[in-house]
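Novice: Fold the following.
(one chain, ligands or ions: 2)
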Amino acid sequence: MHVPRMACELERLGSCTRKDLHVLCYQHHTEMLLTPVSEPREGLLYACREPGCLVRYTDSDGYFIGTKDPKTVEEERTPRVSCPNDAQPMYLAEVTPQRRSYRLWKCPECNASHTNGETSDGLGKSAEA
Ligand SMILES: [Zn+2]
Ligand SMILES: [Zn+2]
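Specialist: Ligands and ions are numbered 1, 2, ... in the order given. Next comes the predicted model:
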């Protein structure tokens with residue numbers, strides 16, 4: 001009988017609560033799911049739950065496109081936001097439907113956050129009819 005390796009893997013993941021990130025797909029703004037990976041690799045893999053979405057995220061590499069097709073990879077430009085403290089690739093943690101340009105990025109390492117929301121309150125009043 002094989003010892004179920006999955007149990008070990010999940011246990012290992014479970015013990016790593018610090019890495020329990022709420023990663024959003026930068027395309028769909030839905031929370032990505034932690035996906036157990038069979039091959040040994042650094043970090044944890046998150047995958048978008050939307051059917052057909054190829055957006056993946058690991059805490060070591062940031063966002064990438066989960067395909068081997070170079071053309072698709074080239075067409076999909078993954079956002080590269082680096083932490084100002086440790087240069088780790090940051091993940092999209094929060095969006096606000098009311099402010100379309102607002103993005104909250106977080107660093108998986110030091111938990112630093114970074115927003116690129118434009119100050120639309122007061123200053124940039126769009127008076128376009
Ligand atoms: Zn997606
Ligand atoms: Zn950091």
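Novice: Unless I misread the structure, residue 72 falls within a helix.
Specialist: Yes: counting by DSSP: H, G, I helix; E, B strand; the rest coil, residue 72 is part of a helix.
Novice: how many other residues sit next to it?
Specialist: Applying other Cβ atoms under 10 Å, we find 12 residues neighbouring residue 72. In this view, the C-beta of every residue, glycine as well, is placed from N, C-alpha and C.
Novice: Look up the closest residue to it, ignoring the ones flanking it.
Specialist: residue 65 (6.3 Å; Cβ to Cβ, 6 or more residues apart in numbering).
Novice: How much space separates the one you found from ligand 1?
Specialist: 11 Å (Cβ to the ion, to the nearest Å).
Novice: What segments of the chain are helices?
Specialist: Along the chain, counting by DSSP state H, helices occupy 5-14, 70-75.
Novice: Lowest average pLDDT across the ones you listed?
Specialist: Ranked by mean pLDDT, the helices of the chain end with helix 5-14 at the bottom, a mean of 50.
Novice: How about the contacts made by the residue nearest to residue 72?
Specialist: By Cβ atoms under 8 Å, 6 or more residues apart in numbering, the contact set of residue 65 is 54-56, 72-73, 76, 78.
Novice: what do you get for residue 82?
Specialist: Applying Cβ under 8 Å, 6+ apart to residue 82 gives the contacts 88-90.
Novice: Show me what from the chain comes close to ligand 2.
Specialist: Counting by Cβ under 5 Å from the ion, the chain comes close to ligand 2 at 83, 85-86, 88, 107, 109-110, 112.
Novice: Turn the contacts of residue 82 into JSON lines, including pLDDT and neighbour count.
Specialist: Output for the contacts of residue 82, formatted as JSON lines (pLDDT from 0 to 100; neighbours: other Cβ atoms under 10 Å):
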{"residue": "88", "pLDDT": "92", "neighbour count": "19"}
{"residue": "89", "pLDDT": "94", "neighbour count": "22"}
{"residue": "90", "pLDDT": "95", "neighbour count": "25"}
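Novice: Nothing else from me, thank you.
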